[in-house]
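S.K.: Provide a 3D model corresponding to the input given below.
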Amino acid sequence: MAPTRDRVRATASGPSAAPPRGRGLQRARRRAGLLMVAPAVLHALIWIGIPLVAAVVLSFTSYDVLTPPRFIGLENFRDLLSDNVFRRAVLNTSIYTFFTVPVAMGIALLIALMLNTRLAGRAIFRTAIFIPQVTATIAVALVWLWIYDPRSGLANAVLSFLGLDGPAWLSSTDWAMPAVIVVGIWQGIGLKMLIYLAALQSLPTDLYEAASVDGASKFRQFFSLTLPLLRPATFFVFVTSVIGAFQSFDQVYILTDGGPANSTTMMTYEIYKSAFREFRMGYACAQSLVLFALLLFLTLLNRRITGGDRATR
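M.R.: Below is the predicted model:
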């Protein structure tokens, strides 16, 4: 009986002796993890947290950089409600986003499906399609500035070859926004295509084999398997694309400077004008908060509609 009791005591005391060593290991791992994420957290605090707090504070002030901020309460936000140009910028940004995001996503998915096959020279096509994404937006805008030139541009040269008269693309209130939208679609396809292509290559092939055995056509497989399985990638692409579209600035600044007659002015461009041309920093901060609120609302709305929490699991 004694040896049995000793063994029972040893067994009972074994786990109680191990936890201090285990807890020490857990603390060491926790410290290592905190040290690893510390640079990213510090970077976010310095370059995101502090500017965000400063923008919130300055939005309630009148500040022109040269003189100290003066608290004016909600006056900047009241001015926003009566600012016709900013309302036009919100409308233009919404129109730009409405057309560029879904069209670019659809084209990118189609190209990704093509490049996911045994296509000859697909590496070259991938590189060619992705190059606009990594090219400086100013350089891209300068190229399109030449394409849209009404006298010697490529667009009107093609239309003239077809017997059609080309418009003054960037000087017309009717054609300036469509011209900017085309540039946005063209430049945004590359990254979306790459994300979709990576997602397609990670899909399980056994599901498609089973669907083929059951007699499902390629069309049925696409809508019943591919699209549902691509939901996490679609959610990510949509959110990042909407954020990118609402932050569009460079191509508008180079191509149209917000004109003609504010037909292409965007929210970011109006924030830039208020801050660095008119030196109304407080008003620009209020405009920035409106932009932030819109992006947050659209992200949460899309998360609710598409089931973002379930899609990313």
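
S.K.: do you know how far the spatially closest residue to Thr264 that is not a sequence neighbour is from Phe77?
M.R.: Here the nearest residue to Thr264 in space, its sequence neighbours aside, is Thr256; by CB to CB, 6 or more residues apart in numbering that works out to 4.4 Å. All C-beta spots, glycine's among them, are computed from the backbone N, C-alpha and C. Separation of Thr256 from Phe77 (CB to CB, to the nearest Å) stands at 28 Å.

S.K.: looking at those two, which one has more neighbours?
M.R.: Shown here are Thr256 and Phe77; by other CB atoms under 10 Å, Thr256 has more neighbours (25 against 15).

S.K.: remind me what the longest helix belonging to the chain packs against, helices and strands.
M.R.: Looking across the chain with DSSP state H, the single longest helix is helix 84-115. Under the contact criterion of 3 or more CB pairs under 8 Å, 6 or more residues apart in numbering; DSSP states H and E, the helices and strands touching helix 84-115 comprise helix 122-134, helix 176-201, helix 231-246, helix 267-272, helix 281-306.

S.K.: hmm, 7 Å instead?
M.R.: If you count contacts as 3 or more CB pairs under 7 Å, 6 or more residues apart in numbering; DSSP states H and E, helix 84-115 packs onto helix 122-134, helix 176-201, helix 231-246, helix 267-272.

S.K.: between the ones you listed, which gets nearest to Pro260?
M.R.: Of all the helices and strands packed on helix 84-115, helix 176-201 sits nearest to Pro260, with 6.1 Å by CB to CB.

S.K.: any idea how far Glu209 is from the residue nearest the centre of the chain?
M.R.: Taking CA atoms, centre = their mean as the criterion, Thr240 is the residue nearest the geometric centre of the chain, at 2.1 Å. With the distance defined as CB to CB, Thr240 ends up 32 Å from Glu209.

S.K.: do the same with Lys218
M.R.: With distances defined as CB to CB, the gap from Lys218 to Glu209 amounts to 13 Å.

S.K.: kindly report the same for Ala136.
M.R.: According to CB to CB, Ala136 and Glu209 sit 44 Å apart.

S.K.: lowest average confidence, helix or strand, in the protein?
M.R.: Within the chain, no helix or strand scores below helix 2-17, which has a mean of 49 by mean pLDDT, DSSP states H and E.

S.K.: since that was my last question, I'll sign off now.
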